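give me a 3D structure for the following:
(chains A and B)
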Amino acid sequence: MSNYLITNVSVLGGTPTDLLLSGGVVADPADAPADAEVVDATGLVALPGLVDLHTHLREPGREDAETVETGTQAAAMGGFTAVHAMANTEPVADTAGVVEQVWRLGREAGYCDVFPVGAVTVGIAGERLAELGAMADSAARVRVFSDDGRCVSDAVLMRRALEYVKAFDGVVAQHAQEPRLTEDAQMNEGELSGRLGLAGWPAVAEEAIIARDVLLAEHVGSRLHVCHVSTAGSVELIRWAKGKGVDVTAEACPHHLLLTDDLAATYDPVYKVNPPLRTAADAEALRAGLADGTIDIVATDHAPHPHEDKDCEWAAAAFGMLGLETALSVVQQTMVDTGLLDWAGVAERMSYAPARIGRVSDRHGRPVAVGEPANLVLYDPSARRTVDPAETASLSRNTPYRGMELPGRVVATFLRGQATVLDGKLQ
Amino acid sequence: MKRHLLSAADLSRDDAELVLTTAAELRELADRPIKKLPALRGRTVVNLFFEDSTRTRISFEAAAKRLSADVINFAAKGSSLSKGESLKDTALTLEAMGADAVVVRHGASGAPHRLAHSGWVRSSVVNAGDGTHEHPTQALLDAFTMTRHLGGHLDGRRIVIVGDVLHSRVARSNALLLDTLGAEVTLVAPPTLLPVGVESWPVETSYDLDGVLPKADAVMMLRVQRERMNGGFFPTAREYSRRYGLDGRRMATLQDHTIVMHPGPMVRGMEITADVADSDRSVIVEQVTNGVAVRMAVLYLLLGGSEPAVGGEE
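As a prediction, the model looks like this:
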């Protein structure tokens, strides 16, 4: 196992120091062996390895879009050392067998740890509970359950799921989308959807479910996580619920922090995502919520799609966009460069908190300190790059940041002391 | 250099007036024994229809043929939405055939926009109706018809458009074009059939048909599709007709010069009664005749000169 001596690195933006990665943990640099590989990290920021609570790896079933191997490579390139793989695969990850398969594929790939998310309902059909306990007890140790891609819209089913997962300290991660209000919905409902003739996805369809779910979570004393919060009203509701002491956490996606619904006017489906891109006021509310802690984490909702599913008319296209390889840059641009967060705040929202919510904080989301697991990322905040879809490690190319200049670059990612990315290149 | 007609918003006032004056010249052809001009000889116009619309297709077909263009009708009924051939592959096929203009009707809003801007084809793209977005040549023929009946221009003319605005590409294109031409547009519909954000459109809105009819110079009735009744947008067809249908009693409240229009196909007895549709005020049949002239003008201006005069796109 290699030893890395990282010199002159600014941990969480602090005073430059040296770090030794040895034996899979962070060690005292004074103990560095003579043959340790030296990484000059002058000008680089060290962050704990990022943890994504919301990744679509597409395997099994859609290996034409992404595999566990390519998805975890993309994760490593983005500075992630752990991802939670969403359950809407084919077959759906609704049994111990499927979650163990995904977990095993992640171990074999070795680029980052893969924690499978289990479906709440059989086939994410929203009709009856999947065997949540069997998934929790499996080798994959599932703690996060979600029908993401679909909403658990039945109030009784949602209540039962919230109650049931308490037995194994699980959390239900809700895709908040009232289905009747969003039938055939294509983009944010507003002046633009009316003008473009695209069926609207109103903010109330998200907010109504969040309002119901925080009240349910309070009523049954359960833990709720809200996926991809996209509206200002949702931020308000979560702020209110937290104020009342409801055990709710929430995530915002990079694309909702940076991009807005006016991009739909191009009719280019690379901007089609669910929930949809919202208004500038919504993006601003998300940033403020992320800054003040109302929104706990950034999660990517990395959603790879093959080219043909985006190279078509808007209504025929798939929902979703890539996110892993650009997340940190987008957070820097929207949160750090704007003064809303410092690097410690980024570490909290992209590593510590998602690891806590996913119940993996014994291994991930740990401080960059002696004795801790050597999961970390070296990041150059002064770099600039223009996003080129042809350069993605992901198997898919559907990045909405195509052609945009973004700040920052992941220079190195270490998983348990081993470089998965070094000098900006996959190892 | 290519130009497209994708939205009525692509047309400046000068562009729109050029189409209308060109159409007026071409309209006179319709009354001659030989209705053909050589203007587009050797050019190929493809009618690419992903949705059934016989009347729009034959209107474009007649327009192209009267200008001596070669016409290919391509009825691609299985769109990619139904997992048939994709829009892209269809477009590449047309490109390989050497189309100069593609007239496209598609069920997906923005499909003509994709066709024009995705690098799939080099030809001019004319939007012949896309989803619930726009139908700019319909708006042009409507404006042309109104102009002929309302004194040669539309400045300050009051145009009332009634019905399912939410799902109507005709209403969207008309609202944009009529505003460009200086008319004052009022959209009348039950609140469920007005789009979110309509207050930012360059129009007035009303829920009260009886209140707006006496001041109207033209009344355009929109078709109400049967499937909307199942969507819960209004309680029953009977109630819709009572509140928003144009019948003889309401027609009697119109000014003497006011015309009644309908883009077709009509649902007689629903949004318009037979006696109104067949009355002297009705210009519905004339709209069809004018449609050919207006589409001739659009094709001529897009393809005829080295410097096409229509359209605002690159």
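
which parts of stretch B:278-291 are buried?
Within stretch B:278-291, the residues that qualify as buried by neighbour count (16 or more other CB atoms under 10 Å in any protein chain shown) are B:281-284, B:286-291. For every residue, glycine as well, the C-beta is placed using N, CA and C.

what's the mean pLDDT across the strand or helix carrying residue A:412?
Assigned by DSSP states H and E, residue A:412 belongs to strand A:405-415. The pLDDT scores in strand A:405-415 average 98.

list the buried ones in the helix or strand that it is followed by?
Later in the chain than strand A:405-415, the nearest helix or strand by DSSP H and E is strand A:418-422. Neighbour counts over strand A:418-422 (16+ other CB under 10 Å) mark A:418-422 as buried.

can I get strand A:418-422 in CSV? Just the C-alpha atoms.
Extracted C-alpha coordinates of strand A:418-422, given in CSV (Å, rounded to 0.1, in the frame of the first residue of the first chain):
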residue,chain,number,x,y,z
GLN,A,418,-5.3,4.9,-2.1
ALA,A,419,-5.4,7.5,-4.9
THR,A,420,-8.4,7.0,-7.2
VAL,A,421,-7.6,10.3,-8.9
LEU,A,422,-4.1,11.8,-9.0
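
distance of the residue of the stretch 201-314 of chain B found nearest chain A from residue B:175?
Nearest residue of the stretch 201-314 of chain B to chain A, counting by CB to the nearest CB: residue B:201, 7.7 Å away. Per CB to CB, to the nearest Å, residue B:201 is found 6 Å from residue B:175.

same thing with residue B:285?
24 Å.

get me the contact residues on the stretch 151-300 of chain B for chain A.
B:169, B:172, B:195-198, B:200-201 (CB under 8 Å from any CB of the partner chain).

biggest separation within the residues you listed, which pair?
The largest separation in those, counting by CB to CB, is between B:169 and B:200 at 18.3 Å.

quick one: which of these two has more around it?
Set residue B:169 next to residue B:200 and count neighbours by other CB atoms under 10 Å in any protein chain shown: residue B:169 wins out with 23 against 12.

okay, how far is it across stretch A:407-422, tip to tip?
Using CA to CA, to the nearest Å, the end-to-end distance of stretch A:407-422 comes to 19 Å.

actually stretch A:35-44, not the one I wrote
Termini of stretch A:35-44 sit 23 Å apart (CA to CA).

pull the distance from that stretch to the chain's centre.
Distance, stretch centre to chain centre, for stretch A:35-44: 28 Å (CA atoms, centre = their mean, to the nearest Å).

buried ones in that stretch?
A:36, A:39, A:41, A:44.

which other residues reach it?
A:2-10, A:16, A:20, A:22, A:378-380, A:382, A:411-412, A:422 (CB atoms under 8 Å, 6 or more residues apart in numbering or on different chains).

just give the nearest non-adjacent residue to the residue in the stretch 201-350 of chain A that chain B sits nearest to, would you?
Nearest to chain B, among the residues of the stretch 201-350 of chain A, is residue A:267, at 3.3 Å (CB to the nearest CB). Nearest residue to residue A:267 in three dimensions, chain neighbours excluded: residue B:110, at 3.3 Å (CB to CB, 6 or more residues apart in numbering or on different chains).

quick one: the strands in the stretch 51-200 of chain A?
A:80-85, A:113-116, A:144-145, A:171-174, A:187-188, A:200-201 (DSSP state E, counting those that start in this stretch).

out of the ones you listed, which is closest to chain B?
Among these, strand A:200-201 sits nearest to chain B (CB to the nearest CB), with 5.9 Å.
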